[in-house]
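Peer 1: Turn this into a structure:
(one chain, ligands or ions: 1)
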Amino acid sequence: MAEIRLEQLAHSYHRAPSQPGDYALRRMDHVWEQGGAYALLGPSGCGKSTLLNIISGLLAPSEGRVLYDGKSVNDLTPQDRNIAQVFQFPVVYDTMTVHENLAFPLRNQGQSRERIDDRVREVAEALEIESLLARKARNLTADEKQKVSMGRGLVRDDVAAILFDEPLTVIDPQLKWRLRRKLKEIHQRFNVTMVYVTHDQLEASTFADKIAVMYEGQIVQFGTPRELFENPQHTFVGYFIGSPGMNLLDIALGETGLEFDGRTLAVADSIVARLRDREGGRLQLGIRPEFVQLVAPESAVLQGYVDLVQDQGTFKIVDVRLDTPSAPVVKARLGEEVIVPEGRTGVHFPETWQRFYVDDRLVEITHETL
Ligand SMILES: Nc1ncnc2c1ncn2[C@@H]1O[C@H](COP(=O)(O)OP(=O)(O)OP(=O)(O)O)[C@@H](O)[C@H]1O
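Peer 2: Next up, the predicted model:
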């Protein structure tokens, strides 16, 4: 079991990369601590598999180092790194039984028959596949095969870490939730560093204590699900996490304060001053739909019309089209019991939940300035 440290790591699949867009991974430093349950979350093509394959040694990085417990492993093969990797699609030996499949990594290490048997049974029990141990792998369903694949990753107790690359893709949706919970339990029981790649925020937050959000080859935020929700450090995190994502409005610093689409927003002078320090970049106001309030039109700076109400069972998503010149839509997520006004409404953004971004990065506003 190990701490995994990435030092000035970057990767390009181009022979002679010349611009940031040529890099699948942009230069990064990052630490996965020993024993943590982590998710690597991001959209398709953001570099998740590239990063995982560099950690496991399947791919050599074009720049930087990977360190396990402080020692560089750049020159070590995947086998010598002592890492287990579970892929999207099951990797099992069809002609072997489930027991033989699970025992295989331990046999290779020359462990005793009793030790192998104990460990195989422990892992099979954790994954609820004990009844399949005597079956040939080729007769299993896709779900069962993937559980065996996971078991092969878990069976060795000397691995530095277990890396999961979208392991539940082939799993039946009904089973997914159960298996995620199972993996979490297994993590607690075996105390091994786990990095779980997914593009699904729900999957990430049910499995991981901390999530690294990736966007265009960079980790743009590393935090708990709550931190990602309450304080997105990057507009991408605001947009990608949450359902629906954060409202992001282009604003400007005018003579009278913060301006949005020709209206002056009521924000504290200290915030305006803080933003003036950062003047020059693209300025955005972010507010999560959960915190948008619909109020009487005459009591709000911003007004609009209710365009659409989507009833989601336990909550409603309300689209308000503002009557400012560019007529943007602001989304509000309201409790099922809230009565949505018909037609015209005011929208209010409570100051505590307003977030400000310059060139997509959060501007830290301390409580003193609020
Ligand atoms: N072998 C390769 N050769 C060239 N480019 C590649 C190769 N593998 C990946 N890429 C590119 O690198 C970028 C990152 O890909 P990667 O597969 O790491 O992303 P990902 O986040 O894992 O995506 P997905 O969820 O679709 O697997 C993408 O632009 C992809 O097209």
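Peer 1: Now do the contacts for the spatially closest residue to residue 348 that is not a sequence neighbour.
Peer 2: Spatial nearest neighbour of residue 348, chain neighbours left out: residue 293 (4.4 Å); criterion: C-beta to C-beta, 6 or more residues apart in numbering. C-beta: built from backbone N, CA, C; applies to glycine. Residue 293 sits next to 332, 347, 348, 349, 350 when contact means C-beta atoms under 8 Å, 6 or more residues apart in numbering.
Peer 1: Hmm, the last one is touching residue 291, no?
Peer 2: Put plainly, it is residue 350. Yes. With contact defined as C-beta atoms under 8 Å, residue 350 reaches residue 291; the gap is 5.8 Å.
Peer 1: Which ones among the contacts of residue 293 map onto strands?
Peer 2: 332, 347, 348 (DSSP state E).
Peer 1: so which of those residues are also by the ligand?
Peer 2: Contacts with the ligand are made by none of the ones in strands among the contacts of residue 293, judged by C-beta under 6 Å from any ligand atom.
Peer 1: Which one of those residues sits in the busiest neighbourhood?
Peer 2: The most crowded member of the ones in strands among the contacts of residue 293, judged by other C-beta atoms under 10 Å, is residue 332 (26 neighbours).
Peer 1: Whichever residue of the stretch 251-370 of the chain sits closest to the ligand: how many residues sit nearby?
Peer 2: Evaluated by C-beta to the nearest ligand atom, the stretch 251-370 of the chain has residue 360 as its residue closest to the ligand, separated by 19.0 Å. A count of nearby residues for residue 360, using other C-beta under 10 Å, gives 17.
Peer 1: pLDDT score for it?
Peer 2: Listed pLDDT for residue 360 reads 97.
Peer 1: which residues sit in contact with the spatially closest residue to it that is not a sequence neighbour?
Peer 2: The shortest distance from residue 360 to any non-neighbouring residue, by C-beta to C-beta, 6+ apart, is to residue 235 (4.5 Å). The neighbours of residue 235, taking C-beta under 8 Å, 6+ apart as the test, are 246, 248, 284, 286, 357, 360.
Peer 1: can we see that at 7 Å?
Peer 2: 248, 284, 286, 357, 360 (C-beta atoms under 7 Å, 6 or more residues apart in numbering).
Peer 1: where do the helices sit along the chain?
Peer 2: For the chain, the helices defined by DSSP state H cover 48-56, 78-81, 98-108, 113-126, 142-154, 173-190, 201-207, 225-230, 235-240, 269-277.
Peer 1: in the one helix or strand in the chain whose mean pLDDT sits lowest, what counts as buried?
Peer 2: Sorted by mean pLDDT, DSSP states H and E, the helices and strands of the chain end with helix 173-190, the least confident at a mean of 84. By neighbour count with 16 or more other C-beta atoms under 10 Å, helix 173-190 contains the buried residues 176, 179, 180, 182, 183, 184, 186, 187, 190.
Peer 1: between those, which is nearest the ligand?
Peer 2: Checking these against the ligand with C-beta to the nearest ligand atom, the nearest one is residue 176 at 16.8 Å.
Peer 1: Include distance to residue 6 and pLDDT when you put the contacts of residue 293 into a markdown table, please.
Peer 2: Below are those laid out as a markdown table (distance: C-beta to C-beta, whole Å; pLDDT from 0 to 100):
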| residue | distance to residue 6 | pLDDT |
| --- | --- | --- |
| 332 | 39 | 98 |
| 347 | 42 | 96 |
| 348 | 43 | 95 |
| 349 | 37 | 95 |
| 350 | 38 | 94 |
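Peer 1: mind checking pLDDT for residue 368?
Peer 2: For residue 368, the pLDDT comes out at 52.
Peer 1: Hmm, I typed the wrong one, I wanted residue 56.
Peer 2: Looking at residue 56, its pLDDT reads 95.
Peer 1: give me every residue that touches it.
Peer 2: Residue 56 neighbours (C-beta under 7 Å, 6+ apart): 78, 81, 83, 85, 163.
Peer 1: Which residues does the last one form beta bridges with?
Peer 2: In other words, residue 163. Applying DSSP bridges to residue 163 gives these bridge partners: residue 85, residue 195.
Peer 1: and the gap between it and residue 195?
Peer 2: Residue 163 is 5 Å from residue 195, where distance means C-beta to C-beta, to the nearest Å.
Peer 1: what about this structure, any weak spots by pLDDT?
Peer 2: 1, 367-370 (pLDDT under 70).
Peer 1: same thing but 80
Peer 2: For the chain, the stretches with pLDDT under 80 are 1, 279, 366-370.
Peer 1: Name the residues of it found near the ligand, please.
Peer 2: Counting by C-beta under 6 Å from any ligand atom, the chain sits next to the ligand at 13, 24, 42, 44, 45, 46, 47, 48, 49, 50, 199.
Peer 1: Give me the nearest residue to residue 109, chain neighbours excluded.
Peer 2: Spatial nearest neighbour of residue 109, excluding adjacent residues (C-beta to C-beta, 6+ apart): residue 156 at 7.3 Å.
Peer 1: Look at the closest residue to residue 58 other than its chain neighbours and say how many residues are nearby.
Peer 2: Among residues not flanking residue 58 along the chain, residue 78 sits closest, at 5.7 Å (C-beta to C-beta, 6+ apart). Per other C-beta under 10 Å, the neighbour tally for residue 78 reads 16.
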